[in-house]
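Novice: The following comprises the amino acid sequence and a computationally predicted model.
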Amino acid sequence: MKRMSLKISLKTTAIASLLGVILITLISLFALPRLTTQYSLKQFLPKDNALLKEDEKTRQTFQLSEVQPFIITAKVKNDNGDWFNPKSISDLEQLTQLVAHFPGARSAISLATVQGAITNDSGLSVGPLLKSLPQDKWKSESFSNPIISPTLISKDGKTASVVVNINRLDSKEIVALRQNLEVTAAASLPFADVKIGGTPAVQTDVSALLQKELKNFVVLGFIACFVVLSLVFSNFSPLIISFIIIICANILVLAIMAIGGFPFSVLSTTIPILTTVDVVSLCIHTLLRYAEEKKALPHVSHEQLVRNTLKAIWKPNLIASTTTMIGFLSLLTTNVPLIKDYGVTAAISITVGWVVTSVLMLPLMLFLPGAKARGWAWAKARWGLYLFRRSGLWTMGIIIVSLGLAFKGQTLSWSAKLFDDLPQNHQVRLSTETIDRELGGMIPVDIEVSGPAEAWNDPVLIKKLDTLSNDIRATQGVGSVVSLPDLIAAANLNHSRLPASRSSTAEIFFLYSLPSESPLKNFLSAESSKARISVRTQDLPGNQLHSLVEDIRLKTETAFPDMKVNVTGMGSTIHHLNNDLSHELIFGFWQSMIAIIFVLMFVFRSLRWSLVACIPNLVPPAALLGFLAVSETPIKPSVAIIFSIALGLAFNNTVYLLERLRALQLSTRSKKLDIEKTLWLEGNPCLISSLVLLSGFSVFMASYFAMNRIFGFYMLLSMAAGLVGDLILLPTMLKSCPWLLRPVAWKKEKVMATTGAVILAFVLIFTTHDSVAAVPPGITAEQIGKEMSSRITTKDESFVAELKIIEADGSSKERQMQIWRMSPAKKDHSMMVRMQKPADLKGTALLATLKGEKEDKWIYLPSSKQVRRLTGENSKGGILGSELSTEDFDFNRDTSASTTIKKELEIKGSKVYVLESDVSSTSPNYSKIVSYVSAKEFLPLKAECFDKQSKLLKTIEFSDYKKIAGGKFRAGNIKIRNVQNNRGTEIKLTDFKINQGLKASAFSPKSLSDD
């Protein structure tokens, strides 16, 4: 009777669960129409970033619109000549005037309507430039005017553009305006190939493609998963169960996104695939466990088998879903709203998938026939026997390969382009390439040059700015340049191109102030203290664009040394910000790892078990790092995000294997670790669920977007690496090193495997730490200085130095001494040197102090017990007659000097930064110092010191660095060569002691006589 009641209760619960989920799913359908798609070039930019705030200041100063324009490009067909004929210009003028009045458009400009001022015999003519000129001068005047060419007409005269400035519009209004522009432009210019470009066009086209791609992903994902299911099970009930759960889970996830206001972006198109593969993976593990239970207990009722299965599988399913969810939740640590939203929606997807699967499995398994697995699917994974025969070799082999890939991963490529994600041969891609190639470039860079009020009324400064603009215009990679002198020249009020007096300049500025929409405000601040140079570059790889921007900055600072230079705009910020974010995402997987360790500690109730679970999951990040470096795949946030995602997914198989191993261990009195049986039972289910993930993410290889195809490929790679880690490395490692989970006797093979595992963990940790310490592309001299300072700076120190002083004729003498140094503040340094060898100089001591720009020296002579001050020329010599000065030994060199990065070199396969420091106002001996700094360790390798006449005085080379207490570094060898007197000094340094709390009293003339 009790059993009957329990049976009725179980069925009642099952029916209620099924009806409840179906009802909630049907209600959720009403929320789906609220889903939107979104695409923007700035989606991966962090919130409240200092660089973006600088951009905002520039926009406010020069009244620049935040809304990017549509750009209509029209290329005349081969048999129609060029644009410089009255009929074509007339048609272009009509189109420009027409689109300027479209709903949502603020203004429009083209070659046919661009304004100009022409002085002739009849007076000053102001209006459309071409109407003020004879036709035979159209080409020459247009091509010579930077405002017109190449922005409005290409250099060959065949491609013209109409720039349509728009108001702030919502997505529907932008789509409507784009459609109107496309139809109108094609009808108005039948003799030309017309395309719609610009940032708004990119956004509308990509949003439409995202909607289409989302549908394709859902269909292909279903097909891929059901193909795998049909290969695993021989009856239809598993397919029906999985289909129902997938539909319900996806609808609920999409409804939550719609209600929560999460739009579909390039990233979140993965959500339906993620939901589908997660659900199918849970279904496979559950249904295969049912097949296992049925085989083990053939006489037990179907209801009891379902109960046993769900009781055994709920915990592994929960842990696997939790570890996956943690991988996505780690994305919440970033300051980018898009990535945070993706982390939240992906975590919701995993959670909903687990909840729906757990709730629906009971009724669906109860009322449908039991799952029948094909023989190969539920059979023991006997392929593991081959692995166990050479377990140590397998372990060492995988670890060695992983180490190699991890080391290679230190040379990642940061050469991504902004628009290389757009679909090949698509209209918006072709238009973007046309603008980039023929119409002045796509990437804006703004240079702001600031001085005192009314500074830019000075004709001398305007001429300098004009020269600089021409210099930048001739730089490779620059598409177009427009600056204040170009506007002044366009006014053409004087016989010369530029005004010769302040009064002439004022007249031109007044002329530009008359229209309500003066272009002058975009290039000159209200008080005439700031001028803007508008540069547009081609869509170059990130590292090349960074070098180009820094070159432009250097040219501007050189041209205006007494004025403040600020460089902003997309070209100066977006790659730097993306690279920063990519570094954070790549090496942020350690956050996920730590969180997963804590979760597994509670699950297994053992720190040892949770740490062991992490070892095989170091293989995917190592593989990703190595293959990204080998393939030179440009790193973007959309690629870097794979690391956190892959880690969460990789732990799935680990959890199932270790949970089964734990259960087998607890079921035996001996607490034996039956690794072989664990792999036999869980090997095939883990392999099959991984195949589901592989098949699901493989659909990304059919994406329109290169970014999604790259994402799919590296997801497949990471999951394949995860399989290697979980199904080969983990069991063979535990076979060879069972002491990892319980103490056993050591053997040679066990030592090999264990050592390899430890090395893999430490190398990955230090590899990532080194990479994090390395400042990403966009590095500044200040950042390098801070990195060097953190490795070198101490308050005081002492060491033994062996000097070899080499004279100009080649003869030499050697000295050994004890040196104490203290630097309590900037421009306050003291050094005491006491001789140890040769014997006849033993006890001789030297004290040198440098306070501000004043350097004093005292010497102690033990023979006479006298302390004497060195004055005049003697005080300017090196320490004890060497070429080493007190300033050279100053590891805490004053950082207030103006320092710039001159270039980057590769020396003996290593990247080196070359820095130039202007120390003329801070150094008593030098005017500038050129330093060569390792880009990896941020330690100086060489310094070139120039005297006060800016001539090279000496070179200093540092080598044989040693790490000492407090994480500081010191060179073991220093070589100094004076190029002016041909003397040299070689120094060997040992016995370092730092931060001993030395007192100022120890560096007084009196202390010299204290032996």
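Specialist: Cool, the structure landed.
Novice: From now on I want contacts and neighbour counts done on CA atoms only, so please keep to that.
Specialist: OK.
Novice: Pull the number of nearby residues for residue 521.
Specialist: 20 (other Cα atoms under 10 Å).
Novice: Which residue is the nearest non-sequential neighbour of it?
Specialist: Closest residue in space to residue 521, ignoring its immediate chain neighbours: residue 62 at 5.7 Å, by Cα to Cα, 6 or more residues apart in numbering.
Novice: Likewise for residue 582?
Specialist: Distances taken as Cα to Cα, 6+ apart put residue 637 closest to residue 582, at 4.7 Å, once the chain neighbours are dropped.
Novice: ok, that neighbour - contacts?
Specialist: 44, 578-579, 581-582, 585 (Cα atoms under 8 Å, 6 or more residues apart in numbering).
Novice: about what we covered before: how deep is the residue nearest to residue 521 tucked in, by neighbour count?
Specialist: Residues contacting residue 62 under the criterion other Cα under 10 Å number 20.
Novice: got it, and residue 143?
Specialist: 17.
Novice: count of neighbours near the nearest residue to it once chain neighbours are set aside?
Specialist: The shortest distance from residue 143 to any non-neighbouring residue, by Cα to Cα, 6+ apart, is to residue 149 (5.4 Å). Residues contacting residue 149 under the criterion other Cα under 10 Å number 24.
Novice: any idea how far residue 149 lies from residue 164?
Specialist: 17 Å (Cα to Cα, to the nearest Å).
Novice: now residue 60
Specialist: Distance, residue 60 to residue 164, using Cα to Cα: 21 Å.
Novice: So those two - more neighbours on which side?
Specialist: residue 164 (24 against 14).
Novice: pretty sure the more buried one is in a strand, no?
Specialist: Yes: under DSSP: H, G, I helix; E, B strand; the rest coil, residue 164 falls within a strand.
Novice: Give the buried residues for stretch 353-371.
Specialist: For stretch 353-371, the neighbour count (16 or more other Cα atoms under 10 Å) marks 353-366, 370-371 as buried.
Novice: what does it contact?
Specialist: Here stretch 353-371 makes contact (Cα under 8 Å, 6+ apart) with 11, 14-15, 17-18, 21, 233-235, 237-238, 241, 245, 248-249, 275, 278-279, 282-283, 287-288, 290-291, 302-303, 306, 310, 314, 317-318, 321.
Novice: Mind doing that once more with 7 Å?
Specialist: Contact with stretch 353-371 is made by 14-15, 17-18, 233, 235, 237-238, 241, 245, 249, 275, 278-279, 287, 291, 303, 306, 321, as judged by Cα atoms under 7 Å, 6 or more residues apart in numbering.
Novice: try stretch 640-656
Specialist: 316, 319-320, 323-328, 582, 585-586, 589, 592, 613, 617, 621, 686, 715, 718-719, 722, 726.
Novice: Stretch 817-837 now?
Specialist: Residues from elsewhere that reach stretch 817-837 (Cα under 7 Å, 6+ apart): 795-802, 815-816, 841-852, 892, 894, 1003.
Novice: 6 Å instead?
Specialist: For stretch 817-837, the surrounding residues in contact (Cα atoms under 6 Å, 6 or more residues apart in numbering) are 795-801, 815-816, 842-852, 894.
Novice: picking up where we left off before, isn't there a helix covering the residue nearest to residue 143?
Specialist: No: using three-state DSSP, the secondary structure at residue 149 is coil, not a helix.
Novice: Check the gap between the residue nearest to residue 582 and residue 406 for me.
Specialist: Applying Cα to Cα to residue 637 and residue 406 gives a distance of 19 Å.
Novice: repeat for residue 418
Specialist: From residue 418 to residue 406 the distance is 27 Å (Cα to Cα).
Novice: So for those two, which residue has more residues nearby?
Specialist: Between residue 418 and residue 406, counting by other Cα under 10 Å, residue 406 is the more crowded of the two (27 against 18).
Novice: immediately after the one helix or strand in the chain whose mean pLDDT sits lowest, which helix or strand?
Specialist: For the chain, the helix or strand with the lowest mean confidence is helix 748-773, at a mean of 45 (criterion: mean pLDDT, DSSP states H and E). The helix or strand immediately downstream of helix 748-773 is helix 781-792, counting by DSSP states H and E.
Novice: Which of the contacts of residue 637 lies at the shortest distance from residue 554?
Specialist: residue 579 (22.2 Å; Cα to Cα).
Novice: can you tell me the helix or strand for that closest one?
Specialist: Counting by DSSP H and E, residue 579 is found in helix 570-587.
Novice: what's around residue 420, how many residues?
Specialist: 16.
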